[in-house]
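Asker: The following block contains a protein sequence and its predicted model.
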Amino acid sequence: QQQVKQSPQSLIVQKGGISIINCAYENTAFDYFPWYQQFPGKGPALLIAIRPDVSEKKEGRFTISFNKSAKQFSLHIMDSQPGDSATYFCAASGSGGYQKVTFGTGTKLQVIP
Amino acid sequence: DTEVTQTPKHLVMGMTNKKSLKCEQHMGHRAMYWYKQKAKKPPELMFVYSYEKLSINESVPSRFSPECPNSSLLNLHLHALQPEDSALYLCASSQVGSLQETQYFGPGTRLLVL
């Protein structure tokens, strides 16, 4: 029940295309859903995050869509660029206090020119 | 400023060595975390400190010993490690409180155990 399932495992997108990564969770106690971007040899960096009281959040080219009833959320990267090539992790946690974050398995995105 | 710093960046140690990893943040966060990350895997939680007290130990072997000397510093003492402990060790920090869950990660220490 603590799992966050992430797909696809890898993704190749042409420059300018849309990259879509999907995640699903089971634990209804989760109420904070961040996405992290990680470049090789670096630590994960927060990209964008959403709470279940909204269905969509957009920051620049990055959008999270959230479907509370289906317990699914996804990351859309519009106008994908080669610099977006990285591994993306969805995650989920409760709120308040310190939190134990449950990470998805990761998606390696490659944006080709 | 959302910076978490970690030293050293790289560490090579033998199985009989004792070494320490260091983490520092100046964001006023009162929760600090150690994660272990193997290649092509997500970060795996090891320890959580909240207000300088150990709050979570995810059944980590005793050859890893965490320490939180003050609210800005977090150490991970390593002793008698095994080759399978080779990984990227990440430190993170966050606020403690409602709607303040975001964890900010450092760049990590790449550890190789020979």
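Answerer: Good, I have the coordinates.

Asker: Mind telling me which residue is nearest the centre of chain B?
Answerer: Nearest to the geometric centre of chain B sits B:Trp34, at 2.8 Å (CA atoms, centre = their mean).

Asker: any idea of the mean pLDDT in the helix or strand containing that one?
Answerer: Using DSSP states H and E, B:Trp34 maps to strand B:31-37. Averaged across strand B:31-37, the pLDDT comes to 96.

Asker: just stretch B:15-28 next, same as before
Answerer: In this model, stretch B:15-28 has a mean pLDDT of 94.

Asker: Kindly report the same for stretch A:83-102.
Answerer: The predicted model gives stretch A:83-102 an average pLDDT of 90.

Asker: How about that stretch and chain B, any contact?
Answerer: Yes: residues of stretch A:83-102 are located near chain B by CB under 8 Å from any CB of the partner chain, namely A:89, A:93-101. The C-beta positions use only the backbone N, C-alpha and C, and glycine is treated the same way.

Asker: any idea whether the residue lying closest to B:Val60 once chain neighbours are set aside is helix, strand or coil?
Answerer: Residue nearest to B:Val60 in three dimensions, not counting chain neighbours: B:Met46, with 4.9 Å by CB to CB, 6 or more residues apart in numbering or on different chains. Three-state assignment for B:Met46 (DSSP: H, G, I helix; E, B strand; the rest coil): strand.

Asker: so what strands line up beside the strand holding B:Trp34?
Answerer: Strand B:31-37 has the following strand partners under DSSP bridges: strand B:44-50 (antiparallel), strand B:87-94 (antiparallel).

Asker: Kindly reformat those as TSV containing mean neighbour count, mean pLDDT and distance to A:Gln81.
Answerer: Putting these into TSV (neighbours: other CB atoms under 10 Å in any protein chain shown; pLDDT from 0 to 100; distance: least, CB to CB, whole Å) gives the following:
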stretch	mean neighbour count	mean pLDDT	distance to A:Gln81
strand B:44-50	19	95	30
strand B:87-94	24	96	25
